[in-house]
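Participant: pasted the sequence and its predicted model underneath.
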Amino acid sequence: MATYTTLMRSIDQATNLVQSTAIPDPEKKQILSVLSEAKRPIDTDVWIWRSIIWALAIIAVVPVVAGVVSVAPPTFKDVLPLAAAAIGGLVGLLAPSPVKDR
């Protein structure tokens, strides 16, 4: 599987090749527009985001359940910040971005 840098390098090389060849201008503009619209895998792959959300949800829920089931109260106080950080991460991922698309 190609990495992000390999993908971007390939797109840059294809762009340079198209610009340097004797392709007619209408076709050249069309090819360059398609190349500029190429998306990163993290923008299009939904499984990456699903796995991140599941991992954070598990990290948030397991310490709370373990603290309730546990008999040792210090354990609950030690893992509560971990659950709070995971919940904060989930909120950060799911909240809409304040920056609008350009």
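Facilitator: Yep, it's here.
Participant: could you dump the helix or strand hosting residue 33 to CSV, C-alpha only?
Facilitator: In this structure, residue 33 sits in helix 25-36 according to DSSP states H and E. Extracted in CSV, the C-alpha atoms of helix 25-36 (Å, rounded to 0.1, in the frame of the first residue of the first chain):
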residue,chain,number,x,y,z
ASP,A,25,-4.0,23.3,-23.6
PRO,A,26,-7.7,22.2,-23.1
GLU,A,27,-6.6,18.6,-22.3
LYS,A,28,-3.7,19.9,-20.2
LYS,A,29,-6.0,22.0,-18.1
GLN,A,30,-8.4,19.1,-17.6
ILE,A,31,-5.6,16.7,-16.6
LEU,A,32,-4.1,19.2,-14.2
SER,A,33,-7.6,19.9,-12.6
VAL,A,34,-8.0,16.1,-12.0
LEU,A,35,-4.6,15.9,-10.5
SER,A,36,-5.2,18.8,-8.2
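Participant: that one: which residues count as buried?
Facilitator: Buried residues in helix 25-36, counted by 16 or more other C-beta atoms under 10 Å: residue 31. Bear in mind the C-beta positions are built from the backbone N, C-alpha and C, glycine included.
Participant: what helices and strands are in contact with that helix?
Facilitator: With contacts taken as 3 or more C-beta pairs under 8 Å, 6 or more residues apart in numbering; DSSP states H and E, helix 25-36 sits against helix 4-20.
Participant: going on from the lowest-mean-pLDDT helix or strand in the chain, what's the next piece of helix or strand?
Facilitator: Least confident helix or strand of the chain, by mean pLDDT, DSSP states H and E, is helix 41-44 with a mean of 69. Later in the chain than helix 41-44, the nearest helix or strand by DSSP H and E is helix 46-69.
Participant: sounds good, over and out.
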